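**Student:** coords below, sequence missing:
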């Protein structure tokens, strides 16, 4: 069973927005998340931050109409040979030079610095892709987390709630969600950009498209 949080309704991608935590969140251009999404105003300065997974790429591959389109995309993926993970900027470290900044009920409060970089690209479609390397459960190796950022004013995005379409400058409201339509070129551009995260991820995308 697919674990994809995004859903397909015909050719339309449905992105739930009313949870403050999850695979689709609302953020500003600096990447700050909005804690009360239903109260956020429909304004072009905000983005849907979609943490896109392999399960969702598998789901989105259904939007390709012809087998030769997928074959052509696989050929392009196979030519990618440079990966963000292999650069010095993918390393994520925490400083252990702790600095005591305060006290609380017998506790000493220490400040640590988490040092990391974000790979960001604006696509021709005005969508954005962000790759951020995060430490795993045991904090040993940083691995890529992949995001597609969709501006609220993106041409094929409609923001709705349980009452219908949310107009500009109005609160998103109860049960808010996004309806997104991507053409095949936009989808290809996203997948090719995500493939630069790592060699393993590129190979996983190829296998997903072949299946």
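**Tutor:** Sure, I can see it. Computed from a predicted model, the values in this text were never measured in an experiment. Numbering: from 1, shown residues only.

**Student:** any idea which residue sits dead centre in this protein?
**Tutor:** residue 147 (1.8 Å; C-alpha atoms, centre = their mean).

**Student:** quick check: longest strand in this structure by residues?
**Tutor:** Longest strand in the chain, counting residues (DSSP state E): strand 142-151.

**Student:** can you list the strands that it pairs with?
**Tutor:** strand 46-51 (antiparallel), strand 128-135 (antiparallel) (DSSP bridges).

**Student:** run the chain-centre distance for the longest one.
**Tutor:** The offset between the C-alpha centroid of strand 128-135 and the centroid of the whole chain comes to 8 Å, using C-alpha atoms, centre = their mean, to the nearest Å.

**Student:** check the first one too.
**Tutor:** Averaging C-alpha coordinates over strand 46-51 and over its chain gives two centres that are 7 Å apart (C-alpha atoms, centre = their mean).

**Student:** the next helix or strand after it packs against which elements?
**Tutor:** Going down the chain from strand 46-51, the next helix or strand is helix 54-60, by DSSP states H and E. Counting by 3 or more C-beta pairs under 8 Å, 6 or more residues apart in numbering; DSSP states H and E, the packing neighbours recorded for helix 54-60 are strand 7-9, helix 184-194, helix 199-210. Every C-beta, even on glycine, is put in place using the N, C-alpha and C of the backbone.

**Student:** okay, the ones you listed in CSV with distance to residue 112, mean pLDDT and mean neighbour count next?
**Tutor:** Output for these, formatted as CSV (distance: least, C-beta to C-beta, whole Å; pLDDT from 0 to 100; neighbours: other C-beta atoms under 10 Å):
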stretch, distance to residue 112, mean pLDDT, mean neighbour count
strand 7-9, 39, 93, 12
helix 184-194, 30, 96, 18
helix 199-210, 29, 94, 16
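
**Student:** in JSON lines: the ones you listed, plus distance to residue 101.
**Tutor:** Listed next are the helices and strands packed on helix 54-60 as JSON lines, based on distance: least, C-beta to C-beta, whole Å:
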{"stretch": "strand 7-9", "distance to residue 101": "44"}
{"stretch": "helix 184-194", "distance to residue 101": "38"}
{"stretch": "helix 199-210", "distance to residue 101": "38"}
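
**Student:** nearest to residue 177, of the ones you listed?
**Tutor:** Among the helices and strands packed on helix 54-60, strand 7-9 comes nearest to residue 177, with 9.4 Å by C-beta to C-beta.

**Student:** got the contact list for the closest one?
**Tutor:** 13-14, 59-60, 62-63, 179 (C-beta atoms under 8 Å, 6 or more residues apart in numbering).

**Student:** follow-up on the earlier one: tell me which residues touch the residue nearest to the centre of the chain, please.
**Tutor:** 49-52, 129-132.

**Student:** residue 58 - how many residues pack around it?
**Tutor:** Neighbour count for residue 58, taken as other C-beta atoms under 10 Å: 16.

**Student:** what's the answer for residue 100, then?
**Tutor:** Neighbour tally, residue 100, other C-beta under 10 Å: 9.

**Student:** list the contacts for it?
**Tutor:** Contacts here follow C-beta under 8 Å, 6+ apart; on that basis residue 100 touches 108-111.

**Student:** if you set the cut-off to 6 Å instead, what comes out?
**Tutor:** By C-beta atoms under 6 Å, 6 or more residues apart in numbering, the residues touching residue 100 are 108, 110.
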